[in-house]
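Undergrad: mind looking at a prediction? Sequence and model below.
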Amino acid sequence: MRRRRFTVLLGVLVVLGLVAAPGPAAGFGTIDSGGQSREHERLTRAALSCAGDVRAEPDCFQPATMDYLAGHGHEFGAIGAPDSDELSDPAAHCDDADYVAGAYPRTRMQATASLVDCLNRMRMRFGEGLDAAQRLLGPDGEVLAGEVGLDPECRPRDEREVRAKCTTLEGFGRALHGVQDFYAHSNWADQADPARPVGDENPPGLDLPAPSPLLDLRGAAAPDPPADLSTGCYVARDEVPGVGACQLRVTHAGLNKDRGQIDPVTGAATDPTTPRGMVGTNFAKAVSGAVTETRREWQDFRSELVARYGTDRGERMICALTRDDPVNDCGAANTVVAVVALVGLLVVALGAIVWLRRSIRRSERGRAGSAGGAGPDR
Ligand SMILES: [Zn+2]
């Protein structure tokens, strides 16, 4: 009897716990691929969207949030922001870190210095995102509705845009643009054209895997690039052979793997249209490198949020950054647990009181009964 009551109590507690615990993520959205060949957008979707191949990943980005991060329709999004206001800045796209061993207009040190400029820019953007995340939550760790709303859509590049979710994703997205460009603009993951001599018009390819140790955005260490690493020199007249400041140098035009078709769900890359991208599987390697690196940077961003702000706040920030309805989806889990525990305690206490009163009554009745039994037989 006592055991049965205990079982009922346990059952009540379990049900209470199940009802009050936060539910799983809402359903997955469909994506609008719209027939564009926006490579940054599409590979970002393949890497991080809940509608992409990472759909099982708990920290994937839900549709409206992904629309802002990756861009959509005519919107550049956070990833595309450097193509609107930093278009001619080589540091934002890892350009001008060009070098080929032998007689070459620039030294290895100059090339590495340009790479450091690019790395520092990405680290700065990564850091801006991490700083802005602090404003996602209130003093008690609650998600602030005014900081996570996406309606109207975030306005990257606009100083009046102050919503924490918008500015966090803008910093992270601009950093992602740089790491993705590194794979499209450098020879890290590609191969030279075997049919032509190696030189400024056909620099060696390093055929290296992603992620790259050079792209550690959490750290502050100076990169130690392979001796033959090169990106392309960029000027407005982007041609092969190089002209103007890019004369006799590896050019963006000659080395880039920027253009082709990318499946926004699987990341499959086909139909390259640039000369270097058409050599072997260079375009596919650049895209898969960029997808892998994008996932690594998101992992590092999450780790840094937790390291900086603690596990509870860090995880709630990650939830707020990825869900389309963070106010409802990223409730204060601790408060819920505390309420469940309190209700549980009350039920246990009530049960104990009832049980105590009954056993007292039973023992009183028992005492009365045994007192009667002690009398003479009648
Ligand atoms: Zn770029």
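TA: Yep, it's here.
Undergrad: in the protein, what residue lies closest to the ion?
TA: Closest to the ion within the chain is His93: 3.6 Å, counting by Cβ to the ion. Just so you know, the C-beta spots here come from the backbone N, C-alpha and C atoms, and that holds for glycine as well.
Undergrad: and that residue, what does it touch?
TA: By Cβ atoms under 8 Å, 6 or more residues apart in numbering, the contact set of His93 is Pro82, Glu86, Cys118, His177, Gly178, Asp181, His185, Tyr234.
Undergrad: so which of these are also by the ion?
TA: Checked against the ion using Cβ under 5 Å from the ion, those yield the following neighbours: Asp181.
Undergrad: tell me which of the contacts of His93 fall in helices.
TA: Using DSSP state H, the subset of the contacts of His93 located in helices is Pro82, Cys118, His177, Gly178, Asp181, His185.
Undergrad: how about those residues in CSV, adding neighbour count and pLDDT?
TA: Output for the ones in helices among the contacts of His93, formatted as CSV (neighbours: other Cβ atoms under 10 Å; pLDDT from 0 to 100):
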residue, neighbour count, pLDDT
Pro82, 26, 93
Cys118, 28, 98
His177, 27, 97
Gly178, 25, 97
Asp181, 24, 97
His185, 28, 97
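Undergrad: what's the local residue count around the residue nearest to Thr107 when sequence neighbours are not counted?
TA: Of all residues beyond its chain neighbours, the one nearest Thr107 is Tyr99 (7.6 Å), with distances taken as Cβ to Cβ, 6 or more residues apart in numbering. Look at Tyr99: counted by other Cβ atoms under 10 Å, it has 26 neighbours.
Undergrad: surely Tyr99 touches Ser230?
TA: Yes: using Cβ atoms under 8 Å, Tyr99 is in contact with Ser230, at 5.0 Å.
Undergrad: any shared contact partners between these two?
TA: Contacts common to Tyr99 and Ser230, judged by Cβ under 8 Å, 6+ apart, are Ala111, Val250.
Undergrad: rewinding a little: reformat the ones in helices among the contacts of His93 as TSV; add distance to Ala103.
TA: As requested, the ones in helices among the contacts of His93 are exported to TSV (distance: Cβ to Cβ, whole Å):
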residue	distance to Ala103
Pro82	33
Cys118	25
His177	34
Gly178	30
Asp181	28
His185	23
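Undergrad: what parts of the stretch 51-200 of the chain come near the ion?
TA: His93, Asp181.
Undergrad: where along the stretch 51-200 of the chain do the helices fall?
TA: Along the stretch 51-200 of the chain, counting by DSSP state H, counting those that start in this stretch, helices occupy 63-70, 77-80, 82-85, 108-133, 145-148, 164-185.
Undergrad: with adjacent residues omitted, what lies nearest to Glu239?
TA: Counting by Cβ to Cβ, 6+ apart, Glu239 lies nearest to Ala253, which is 5.4 Å off, once chain neighbours are set aside.
Undergrad: quick check: which element contains that neighbour?
TA: Taking DSSP states H and E as the criterion, Ala253 maps to helix 252-255.
Undergrad: as a markdown table, the contacts of His93 with distance to Cys60 would be great.
TA: Output for the contacts of His93, formatted as a markdown table (distance: Cβ to Cβ, whole Å):
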| residue | distance to Cys60 |
| --- | --- |
| Pro82 | 23 |
| Glu86 | 27 |
| Cys118 | 27 |
| His177 | 19 |
| Gly178 | 22 |
| Asp181 | 23 |
| His185 | 27 |
| Tyr234 | 33 |
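Undergrad: Gly244 against Cys233, yeah?
TA: No: counting by Cβ under 8 Å, Gly244 stays clear of Cys233, with 9.3 Å between them.
Undergrad: these two: which is more packed in?
TA: Remark: of Gly244 and Cys233, Cys233 carries more neighbours, 29 against 10, as counted by other Cβ under 10 Å.
Undergrad: on that earlier part again, quick check: the gap between the residue nearest to Glu239 and Glu153.
TA: Going from Ala253 to Glu153 by Cβ to Cβ, to the nearest Å gives 34 Å.
Undergrad: looking at the two, which one has more neighbours?
TA: Neighbours were counted for Ala253 and for Glu153 using other Cβ under 10 Å; Ala253 has more, 23 against 13.
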